[in-house]
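Visitor: the following comprises the amino acid sequence and a computationally predicted model.
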Amino acid sequence: MMGNESSQLNGLEIEEKAVEVTDFWSQYQATIKDSCRYFSLKSDGSVSVFKGEAALGPLWAVSTPLEKFSNNLLKYRHPCIVRYISAWQQRSTLHLATEYVQPLSQVLITQTPLQICIGLNNILRALVFLHNQAGMSHNNISVSAVYVTGDGQWKLGGLQYLCSFSELTPAYLKHARIHRYDKAVDPNEDSYTLTTKVDQYGFAVLVEDVYRNHKNDDVPHLREFKKYCRDYLQHDDPVQRPDLSAVLQHNFFNHEFISIYKFLNFLPLKTEEEKCQVFTNILDNLKCYDEETVAKQLGGLLLSRLTMLDQTARKDVIPFILKPKNERSQNGEHTGFFSLSIFKEHVKPRLMQLFGVRDSQIRTLLLTHFSKFVHVFSHEELSQHILPELLLGIKDTDDNLVAATLICLSELVPILGGDTVIGGKRSKFFTDGRPNSKSASESVHDQKLFSTKSLRDLPCSEDIYNHEEIEVRYEKILTMNERPSPVGGESVEDAITETTTNKADSEDDWSDWDNKNRKLTIVESVEIINDDSNDKQNNHEHMLPCSNLSKIPTTNAASKTLLQKAAMEAKKNILDISELDIKSQKIDYSKKGSDDFDFFADMKPIIEKPTIVTIAQPNMADLSSKLNFIPNDNHDDDENEGWGDTWND
């Protein structure tokens, strides 16, 4: 018996409903969780599990049909034979796990004529391998012995009748006939002494069955190939039946589409010149074929590791395969090869598999074109499959790979959000500095204006005045009412009086002292207006420096009195500017008011009058001339050295 209970795959979940039930086994679909070794079309770890019981018959005395099938899959490995994964015994039931496959009988109706052609080519290649390399005969070629993988590839199964040519005797065929496909059995099989041509007859029957509902002109050379099968592969004399390797040379297996398929399959055997020539024109040649057929049969080969590492393919093929077709492309933009629906169904699963490949060249190529196909994935696919692989890439030691990965992560932020992509806690460190009154659209409009207009054309945050408007604006300020004091004790009139007085003192009193032709100040003009009120309407325009001064509200009597008072207090008859110097000011202390309180009265020092003692005057002539000191009047200037007096500077 094969295996034991402990050899069961970890994380294997088998569906309860069987996909197919035959005389020897039942086929189920299953899933292996947390495993990247076994993948299917959806890259979800799907596999197929066959369960078989013991069978009666002379051929199964030593081993059951499923056990022989399992042993032959394990022993004879070929790309066109169902791939073996594991086998184990559980109680009396043998379990065989293989790659994800479906019986051809269940999907044949969905197969296109070109897909069938390629499928027959695969089955024929598997038979040639068994005949020429292994020396074995299949003995049960039929639709029931063919399986289809998730990506549409036909695989040969049903190896329970497999035996070597030396063991293939009429007695063996007689024992196996009870469970073989009746139509694929030659009626005269028992009378033949040559038994090595059994598979030729069965293959001819398979061709007839799969093309039963198709026209002969659906595939190039299909009509003549059917005739070839009837005349030669099903010849009454087994000796006249050609070897299966010769059948591969027929034109039916060598037209353009299948030639491209063969080229991609045998890419390691091609020279650089052949690769360059084919990859340069391959997409143009495939445009005339059905898009879905190309995606099913060639999608995986166009995105295989060997194809993606080829320089010509990276330039002329991969960029178009990784980009879904956009019908509204503009500005001469190159469109993708597959439409969006076909891309999602057939290319996207392959991309999810490729993101799990630990090859820097393949990962870099995917990152380069990531923005072209990122939108085809769902949020769950991005967060559960793509994002973990990208986060693994930023930890790599290759700086170029890390840089490209970070760019792709930025593509995911608008889709998944920063919390999902970055992780951890985030805080708001930046604010929007735009004015609240402006909307986003207005801000964008302002940015466009800023990029096209000069600085003079742009609005400024501050007003720009010219010299002609200064006086007019100043007069308008004078006519405005001052805001009342926050305390509330002062009146509006007092505030106006104080403002006008300060203006006169600070600006007008300091200008043009000796200029007799100067223009009258505002305060002086107001005084003249009040002194000569009888004819102010006729003559004030000749006396005032500003034409808008007439706007001052002088018609109000109260306002007149306040302005007159302010003018009288502000007007000073200063003849010389030196009077403003603190050293030149004269203070009359005699006019000090009686009400003033002297805070320093009790702090006056008491100085006693000294006693005067008469001392005899010495004779001046006796003193040495050296003691005679006569101050020099010229030294007065030296006393002023040092910091000096800079007031008049």
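Guide: Received, thanks.
Visitor: would you check that residue 292 makes contact with residue 342?
Guide: Yes: applying Cβ atoms under 8 Å, one finds residue 292 in contact with residue 342, separated by 5.9 Å. (Glycine included, C-beta is placed from N, CA and C.)
Visitor: in the lengthiest helix in the chain, which residues are buried?
Guide: Secondary structure assigned by DSSP state H gives helix 399-416 as the longest helix of the chain. Neighbour-count burial for helix 399-416, with 16 or more other Cβ atoms under 10 Å as criterion, is recorded at 401, 404-405, 408-409, 411-412, 416.
Visitor: kindly report the same for stretch 120-136.
Guide: Neighbour-count burial for stretch 120-136 flags 120-131, 136 (criterion: 16+ other Cβ under 10 Å).
Visitor: give me the beta-bridge partners of the residue nearest to residue 50 when sequence neighbours are not counted?
Guide: Using Cβ to Cβ, 6 or more residues apart in numbering and skipping the chain neighbours, the partner closest in space to residue 50 is residue 96 (4.2 Å). Residue 96 has these beta-bridge partners by DSSP bridges: residue 50, residue 87.
Visitor: wait, doesn't residue 96 sit right on residue 65?
Guide: No: under the criterion of Cβ under 8 Å, residue 96 makes no contact with residue 65, lying 10.9 Å away.
Visitor: contacting residues around stretch 143-153?
Guide: Residues outside stretch 143-153 that contact it (Cβ atoms under 8 Å, 6 or more residues apart in numbering) are 22, 40-42, 46, 80, 82, 99-105, 107-108, 111, 115, 119, 122-123, 138, 154-158, 181, 206, 209-210, 296-297, 299-300, 346, 349-350.
Visitor: go on, stretch 335-342?
Guide: Applying Cβ under 8 Å, 6+ apart, the external contacts of stretch 335-342 come out as 283, 286, 291-292, 294-295, 299, 320-327, 329, 343, 346-347, 372, 376.
Visitor: could you list the buried residues of that stretch?
Guide: Neighbour-count burial for stretch 335-342, counted by 16+ other Cβ under 10 Å, picks out 336-339, 342.
Visitor: residues contacting residue 300?
Guide: For residue 300, the contact set (Cβ under 8 Å, 6+ apart) comprises 151, 153, 350.
Visitor: and it, what's its pLDDT?
Guide: For residue 300, the pLDDT comes out at 88.
Visitor: repeat for residue 57
Guide: Predicted confidence (pLDDT) for residue 57: 74.
Visitor: check residue 200 too.
Guide: In this model, residue 200 is scored at 93, pLDDT.
Visitor: give me the distance between it and residue 131.
Guide: According to Cβ to Cβ, to the nearest Å, residue 200 stands 10 Å off from residue 131.
Visitor: returning to that earlier point: so who does the residue nearest to residue 50 touch?
Guide: By Cβ under 8 Å, 6+ apart, the contact set of residue 96 is 25, 49-52, 66, 69-70, 73, 84, 86-87.
Visitor: which among those gets closest to residue 384?
Guide: residue 49 (24.9 Å; Cβ to Cβ).
Visitor: distance of the closest one from residue 27?
Guide: As judged by Cβ to Cβ, residue 49 and residue 27 stand 7 Å apart.
Visitor: identify the contacts common to those two.
Guide: With contacts defined as Cβ under 8 Å, 6+ apart, no residue is shared by residue 49 and residue 27.
Visitor: and residue 98, what element?
Guide: Using DSSP states H and E, residue 98 sits within strand 93-99.
Visitor: er, residue 115 I mean
Guide: With DSSP H and E as criterion, residue 115 is part of helix 113-128.
Visitor: give me the next element, helix or strand, following that helix.
Guide: Beyond helix 113-128 on the C-terminal side, the first helix or strand identified by DSSP H and E is strand 136-137.
Visitor: picking up where we left off before, among the contacts of stretch 143-153, which ones are in strands?
Guide: Assignment to strands by DSSP state E places the following of those there: 46, 99, 101-103, 154-156.
Visitor: quick check, nearest of the residues you listed to residue 385?
Guide: Proximity of the ones in strands among the contacts of stretch 143-153 to residue 385 (Cβ to Cβ) peaks at residue 46, which lies at 14.9 Å.
Visitor: tell me how many other residues crowd the closest one.
Guide: Counted with other Cβ atoms under 10 Å, the neighbours of residue 46 add up to 18.
Visitor: which residues does it bridge with?
Guide: When assigned by DSSP bridges, residue 46 has beta-bridge partners residue 31.
Visitor: that one and residue 238: what is the separation?
Guide: Taking Cβ to Cβ, one finds residue 46 at 42 Å from residue 238.
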